[in-house]
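Enquirer: sequence and predicted structure below; questions after.
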Amino acid sequence: MTERNRELFALIPASLLVTAGFTAVFIQRNDLLSNLSLTYGLIFLGLCLAAHMVLRTMLPHADPYLFPLVAVLACFGLVMLYRLDEDFAREQAQWFVVGLLAFAGTILALRHDHRVLERYRYIIALGGIGMLMLPRVPGIGQVTNGAYLSVGFGPVQFQPAEFSKLAVIVFLASYLSETRDVLVRGRLPRLSMKHLGPLLVIWGLAMLMLIVIRDLGSSLMFFGGFLALVYVATSRTSLILGGATMFFLGAWFLSNRISHVQDRIDVWQDPFRPELVEKEGYQISQSLYAMADGGLFGEGFGAGLLQQSDGTPILPAAHTDLIYSVITTEVGLFGATAVLMTALLIVARGFKTAVLATDGFSKLLAAGLASVFALQVFVIVGGVVKAIPLTGVTFPFVSYGGSSIVANFVLIALLLIVSDKARRDPAGQRGGLV
């Protein structure tokens, strides 16, 4: 069976999951079956088939499992958002279509040679850094819970950090593919600023994000993705330890001088403290209670207690920050673990693509994209379960948010483009950095 036929058959279970999920919600709400569940399933399948035809035509040898895994995450997100609010689900579906268009456009633009991105790496890097500063521009920047995360142009809002992460990964993959030999062979004290410059620039960028936009989650995601790329390129733990030390020292220093960051850390350490539990600690404490209510098997779709009798939400920002808590409440630990495993399989396919790629830039690009995706999942889930401070990062393809869906569809498109070239090349399992 060809790669594309395997992909085609793998899309069917995702569409059935949409139908089953909406059916469960309708039964829970109105105690009746509705033809709408089948309609929604068919619409979702039709959209996925359109994307499948793009892949079949333009990337016939690409990884056959990446897109079906994304479809599973996306359908789970749509069902959970519909359970929370029909308007959220409708808007998410619209952004899903926009994301598919960006997905197809990326493939159309770069299907012949994605390495053209190397020639524009400095322009891409400057563009990514410039986008990070947009939320602080008066008139368009918007504040969410003390952090400058989004930009608004009339009715349209987006989070620039979602697209900046792609720009930074493209730049680093290009730069490290050229300087890898120097970084591998040179002794750390003798490496010049020319070679250590990117490490210091990205560290400074991560610290700047803490100062300027006050976004601890994106700062961790950016710098973590960079360290992952450095390790893939050089296998030098000294560079990783040095970079991690710089990050944590900088974060500790700034957390003592930026009240918003310190507040997040205080809440993380003890959200049940009397002076916090009814204010800043309310969100994370309710998240923990909700997940405990889910148990192993959950309350069932639509059956979780998420609102008080007067309609006041028990879980603040359940559609964004705490979507994983809603999933755990309604489908239990087993269901939430299945969602996590789906995300981890996407990461695994991304690293598989990096292993098969034939040139240094492609290897590092695939590894960096997979790392950033993994870190984004870790940051949001880790915050929800109180492993790290809770931040405003979204769960890819599951949380409500148009910027996240569009940016992550571009990320998946880049992985598929690299995968197609690697699998098309008979030497795809030789040479390179891995």
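Expert: It's in.

Enquirer: what's the following helix or strand after the longest strand belonging to the chain?
Expert: For the chain, the longest strand by residue count, based on DSSP state E, is strand 147-153. Using DSSP states H and E, the next helix or strand after strand 147-153 towards the C-terminus is strand 156-158.

Enquirer: which other helices and strands contact the helix or strand following that following strand?
Expert: Going down the chain from strand 156-158, the next helix or strand is helix 160-185, by DSSP H and E. For helix 160-185, the packing partners by 3 or more C-beta pairs under 8 Å, 6 or more residues apart in numbering; DSSP states H and E come out as helix 121-133, strand 147-153, helix 193-208, helix 216-234, helix 360-384, helix 402-424. In this view, the C-beta of every residue, glycine as well, is placed from N, C-alpha and C.

Enquirer: what helices and strands are in contact with the longest one?
Expert: Which is helix 360-384. Using 3+ C-beta pairs under 8 Å, 6+ apart: helix 360-384 touches helix 160-185, helix 216-234, helix 282-294, helix 323-356, helix 402-424.

Enquirer: try it again with 7 Å
Expert: If you count contacts as 3 or more C-beta pairs under 7 Å, 6 or more residues apart in numbering; DSSP states H and E, helix 360-384 packs onto helix 160-185, helix 216-234, helix 323-356, helix 402-424.

Enquirer: now it: mean pLDDT?
Expert: When pLDDT is averaged along helix 360-384, the result is 93.

Enquirer: could you do the second one as well?
Expert: Averaged across strand 147-153, pLDDT comes to 75.

Enquirer: partners of that strand, with directions?
Expert: Sheet pairing of strand 147-153 (DSSP bridges) gives strand 141-144 (antiparallel), strand 156-158 (antiparallel).

Enquirer: export the helix or strand hosting Leu249 to PDB, keeping only CA atoms.
Expert: Assigned by DSSP H and E, Leu249 belongs to helix 237-255. C-alpha atoms of helix 237-255 as PDB (Å, rounded to 0.1, in the frame of the first residue of the first chain):
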ATOM      1  CA  THR A 237      26.400  18.700  26.500                       C
ATOM      2  CA  SER A 238      28.700  21.600  27.600                       C
ATOM      3  CA  LEU A 239      26.900  24.000  25.300                       C
ATOM      4  CA  ILE A 240      23.500  22.700  26.500                       C
ATOM      5  CA  LEU A 241      24.400  23.000  30.200                       C
ATOM      6  CA  GLY A 242      25.900  26.500  29.600                       C
ATOM      7  CA  GLY A 243      22.800  27.700  27.700                       C
ATOM      8  CA  ALA A 244      20.400  26.200  30.300                       C
ATOM      9  CA  THR A 245      22.300  27.800  33.100                       C
ATOM     10  CA  MET A 246      22.200  31.200  31.400                       C
ATOM     11  CA  PHE A 247      18.500  30.900  30.900                       C
ATOM     12  CA  PHE A 248      17.600  29.900  34.400                       C
ATOM     13  CA  LEU A 249      19.900  32.500  36.000                       C
ATOM     14  CA  GLY A 250      18.300  35.200  33.700                       C
ATOM     15  CA  ALA A 251      14.800  34.000  34.500                       C
ATOM     16  CA  TRP A 252      15.500  34.000  38.200                       C
ATOM     17  CA  PHE A 253      17.000  37.400  38.100                       C
ATOM     18  CA  LEU A 254      14.100  38.900  36.100                       C
ATOM     19  CA  SER A 255      11.500  37.100  38.100                       C
END
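
Enquirer: buried residues in it, which are they?
Expert: Neighbour-count burial for helix 237-255 flags Leu239, Gly242, Gly243, Met246, Phe247, Gly250, Ala251, Leu254, Ser255 (criterion: 16 or more other C-beta atoms under 10 Å).

Enquirer: equivalent analysis for stretch 151-160, please.
Expert: So stretch 151-160, judged by 16+ other C-beta under 10 Å, has buried residues Val151, Phe158, Gln159, Pro160.

Enquirer: and the two most separated of those?
Expert: Val151 and Gln159 (7.6 Å; C-beta to C-beta).

Enquirer: quick one, phi psi at the nearest residue to Gln283 once chain neighbours are set aside?
Expert: Using C-beta to C-beta, 6 or more residues apart in numbering and skipping the chain neighbours, the partner closest in space to Gln283 is Pro316 (4.8 Å). Phi and psi for Pro316, reported as degrees, to the nearest 10, are phi -70, psi 140.

Enquirer: so how far is Val384 from Pro316?
Expert: Relative to Val384, Pro316 is positioned 12 Å away (C-beta to C-beta, to the nearest Å).

Enquirer: swap in Gly281?
Expert: Using C-beta to C-beta, Gly281 is found at 14 Å from Val384.

Enquirer: between the two, which is the more surrounded one?
Expert: Taking neighbours as other C-beta atoms under 10 Å, Gly281 and Val384 compare with Val384 leading, 26 against 22.

Enquirer: ok, the more buried one - contacts?
Expert: Applying C-beta atoms under 7 Å, 6 or more residues apart in numbering, we find Val384 in contact with Ser287, Leu322, Tyr324, Ser325, Leu390.

Enquirer: burial of the second one, as a residue count?
Expert: Counted with other C-beta under 10 Å, the burial measure for Leu322 works out to 28 neighbours.

Enquirer: and for the fourth one?
Expert: Residues lying near Ser325 (other C-beta under 10 Å) number 27.

Enquirer: so it makes contact with Tyr289?
Expert: No. Between Ser325 and Tyr289 there is no contact under C-beta atoms under 7 Å: 9.0 Å.
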